[in-house]
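Trainee: My questions concern the predicted model and sequence given below.
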Amino acid sequence: MADAPTGNRPVTTWEYSPAPETSPVVIPDQTQLYVGGKFIEPHSKKRFATVNPATEAILSNIADGDAADVDAAVSAARKALKPWGKLPASERAKYLYRIARRIQERARELAILESMDGGKPIKESRDVDIPLAAQHFFHHAGWCDKLRYAMPGTREPRPVGVCGQIIPWNFPLLMAAWKLAPALACGNTVVLKPAETTSLTAMRLAEILQECDLPPGVVNIVTGAGATGKALVDHAGVDKIAFTGSTEVGKQIAQACAKRGTRLTLELGGKSANIIFADAAIDQAIEGIVQGIWFNQGHVCCAGSRLFVEESILPEVTRKLEMRMKTLRVGDPLDKNTDIGAINSKQQLAIIEGYIAEGSREGCTVCQPNHQTLPTKGYWCRPTFMTGVQPAHVVAREEIFGPVLAVMSFRTPEEAISRANNSPYGLAAGIWTEKGSKMFDVARRLQAGVVWCNTYNQFDATSPFGGFKESGFGREGGMQGLAAYLSE
Ligand code: NAD
């Protein structure tokens, strides 16, 4: 144990013994596409490397699917649609249950793979991503034979058809589960396009689908980058697109879908407000701030990246936050003691560093713990918060998608609400107060799809998630999430 000097006060830092996750996971040199229930070579034979962001080592070479591969996948999904939709709902449910159970059985392997490929701490992939992915399949298995209760009407609701699903890199397997489980429960077939930096768990999921004897073509997985996603969006044989990713790409997809009348749901970016009132339990709120911004290196669409603190408690909150931030351990994602892993890619690290420099240029005070030595290889960013931030500053307006928090203050609930709503985004928000009446009044007036009270970043398959404004439209999860995959 050593005392590290931190401004005026000493902070105790503990020297932990490393506790690396040791199970070996076999990663193939190269991956294939999963089309029509088979693993196949990409049409172009092209591949690109996927890198471990904590070591910069190449983990595997990923198949770069092109328009011809997308076409083959859409045809396979079309062929599978009728027989899959005609299966008794209770039979469909059995497949979803099986997939959920198999994810649980292979949880350790999936968690390690997710941490190696994406950089997230093993305790998060192990305790959050993989269990929630299984939960989404379990939850939706239960819906298969109850869809008429989700969409009450005179007729049995019908599937939409062939769904093109495009996902980002921050929760790779979990986002795949969010998309696949409701689509399959409703009788649709799917072509899934994972993000280019994190395709490994999606391809492991393809193995699981094969093990579960999911009928060929019900799920097809085409790896690749933006061009592959665009080929899927532009394919005339796709009935619905579900996209999770940046607002910029979401807008392009909305235009393309509008031209052809393709059904669309969009889960896009965010710049969510976390509001701390003076009557809140401060120590609890500090944990909520930590969860809100430093969970998954801040690569979270609903990250509480704008902190609004009631003026009278601002000094106490920033002092306690600084102390707590210094206890966070940055380093090897496979170490069970790690709180903050590697930034997902070199490009994303450059973006985050650019925003931190921009905050300094704008006159904000940048606070980072500098007592820890970072690994020499890999992409790392210390947890960061900035004070002296004005609402007009770039760091208060734009999504950084990294472990960087903009701290601002307010004097009245009215001011807190208007500052929180002063954003093109509307994904999530947090409120910290002891007063139930204030909680509900403020929550009602916030333009956010999800509002957490005295907690943050809680996810559950039963609970709908989605945004307003430039954060997108449509919901995922719960009964509401089924609507996107059903037509009357
Ligand atoms: P991105 O938009 O660059 O990429 C997302 C996916 O879209 C990737 O699979 C990518 O290959 C694909 N893609 C890129 N260009 C495309 C195009 N022209 N047509 C079709 N597909 C294309 O986003 P990202 O950097 O991977 O992810 C980060 C963003 O995702 C952040 O803005 C974050 O807030 C958002 N996100 C939102 C949610 C949510 O639920 N609202 C969840 C996670 C991430």
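Mentor: Happy to help now that I have it.
Trainee: per the record, what domains does the protein have?
Mentor: 21-268+471-487, 273-466 (automatic domain parsing).
Trainee: and residue 409, what element?
Mentor: strand 404-410 (DSSP states H and E).
Trainee: Note down every partner strand of that strand and its orientation.
Mentor: Using DSSP bridges, strand 404-410 pairs in its sheet with strand 306-310 (parallel), strand 384-387 (parallel).
Trainee: among those strands, which is nearest the ligand?
Mentor: strand 306-310 (13.9 Å; Cβ to the nearest ligand atom). All C-beta atoms are positioned from the backbone trio N, CA, C, and that covers glycine.
Trainee: okay, the closest one in PDB with CA atoms only?
Mentor: Extracted C-alpha coordinates of strand 306-310, given in PDB (Å, rounded to 0.1, in the frame of the first residue of the first chain):
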ATOM      1  CA  ARG A 306     -23.200  15.900 -18.800                       C
ATOM      2  CA  LEU A 307     -23.200  16.300 -15.000                       C
ATOM      3  CA  PHE A 308     -25.500  19.000 -13.600                       C
ATOM      4  CA  VAL A 309     -24.800  19.600  -9.900                       C
ATOM      5  CA  GLU A 310     -26.900  22.000  -7.700                       C
END
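Trainee: So it, near the ligand or not?
Mentor: No: using Cβ under 6 Å from any ligand atom, strand 306-310 stays clear of the ligand, coming no nearer than 13.9 Å.
Trainee: I'd like the average pLDDT over that strand.
Mentor: Averaged over strand 306-310, pLDDT sits at 98.
Trainee: can you list contacts of that strand?
Mentor: 271-278, 289, 292-293, 317-318, 385, 396, 405-411, 416, 419-420, 423 (Cβ atoms under 8 Å, 6 or more residues apart in numbering).
Trainee: Distance from the chain centre to that strand, please.
Mentor: Centroid separation between strand 306-310 and its chain, computed with Cα atoms, centre = their mean, to the nearest Å, is 23 Å.
Trainee: out of everything not next to it in sequence, what's closest to the residue nearest to the spatial centre of the chain?
Mentor: In the chain, the residue lying closest to the centroid (Cα atoms, centre = their mean) is residue 171, at 4.2 Å. Spatial nearest neighbour of residue 171, chain neighbours left out: residue 129 (5.8 Å); criterion: Cβ to Cβ, 6 or more residues apart in numbering.
Trainee: can you tell me how far residue 66 sits from residue 164?
Mentor: Distance of residue 66 to residue 164, computed by Cβ to Cβ, to the nearest Å: 15 Å.
Trainee: Pick out whichever of those two has more residues nearby.
Mentor: residue 164 (31 against 17; other Cβ atoms under 10 Å).
Trainee: Pop out the phi and psi values for the more buried one.
Mentor: Here is the backbone geometry of residue 164 (degrees, to the nearest 10): phi -100, psi 120.
Trainee: and if you look at residue 347?
Mentor: According to degrees, to the nearest 10, the main-chain angles of residue 347 amount to phi -60, psi -40.
Trainee: To what extent is it buried, counted in neighbours?
Mentor: There are 11 residues near residue 347, going by other Cβ under 10 Å.
Trainee: who's in contact with it?
Mentor: Applying Cβ under 8 Å, 6+ apart, no residues contact residue 347.
Trainee: hang on, the earlier thing: which among the strands paired with strand 404-410 is found nearest to residue 447?
Mentor: Shortest distance between residue 447 and those, using Cβ to Cβ, is found for strand 306-310: 13.2 Å.
Trainee: What helices and strands are in contact with the following helix or strand past the closest one?
Mentor: As assigned by DSSP H and E, the chain's next helix or strand after strand 306-310 is helix 314-325. Counting contacts by 3 or more Cβ pairs under 8 Å, 6 or more residues apart in numbering; DSSP states H and E, helix 314-325 packs against helix 282-294, strand 365-367, strand 384-387, strand 404-410.
Trainee: Flag every buried residue along whichever helix or strand comes after the strand holding residue 409.
Mentor: Past strand 404-410, further along toward the C-terminus, the next helix or strand under DSSP H and E is helix 413-421. Within helix 413-421, the residues that qualify as buried by neighbour count (16 or more other Cβ atoms under 10 Å) are 413, 416-417, 419-421.
Trainee: could I get those residues as a markdown table with pLDDT and distance to residue 337?
Mentor: What follows is the buried residues of helix 413-421, written out as a markdown table (pLDDT from 0 to 100; distance: Cβ to Cβ, whole Å):
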| residue | pLDDT | distance to residue 337 |
| --- | --- | --- |
| 413 | 97 | 39 |
| 416 | 98 | 36 |
| 417 | 98 | 39 |
| 419 | 98 | 37 |
| 420 | 98 | 34 |
| 421 | 98 | 39 |
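Trainee: in this structure, what residue is nearest the ligand?
Mentor: residue 229 (2.2 Å).
Trainee: Quick check: next helix or strand after the helix or strand harbouring that residue?
Mentor: Following DSSP H and E, the helix or strand that holds residue 229 is helix 226-233. Downstream of helix 226-233, the first helix or strand assigned by DSSP H and E is strand 240-244.
Trainee: Paired strands for that next one, with orientation please.
Mentor: Strand 240-244 has these strand partners (DSSP bridges): strand 162-166 (parallel), strand 263-267 (parallel).
Trainee: Give the rounded mean pLDDT of that strand.
Mentor: Across strand 240-244, the per-residue pLDDT values average to 98.
Trainee: next one: stretch 392-403
Mentor: Stretch 392-403 comes out at a mean pLDDT of 98.
Trainee: Would you mind listing what in the protein touches the ligand?
Mentor: So far as Cβ under 6 Å from any ligand atom goes, the chain lies against the ligand at 166-170, 193, 195-196, 225-226, 229-230, 233, 244-246, 249, 252-253, 267-270, 301, 399, 401, 427, 467, 471-472.
Trainee: low-confidence ranges in the stretch 151-300 of the chain?
Mentor: Within the stretch 151-300 of the chain, the set of residues satisfying pLDDT under 70 comprises 154.
Trainee: Not counting sequence-adjacent ones, nearest residue to residue 238?
Mentor: residue 164 (4.3 Å).
Trainee: Having no further points to raise, I will conclude here.
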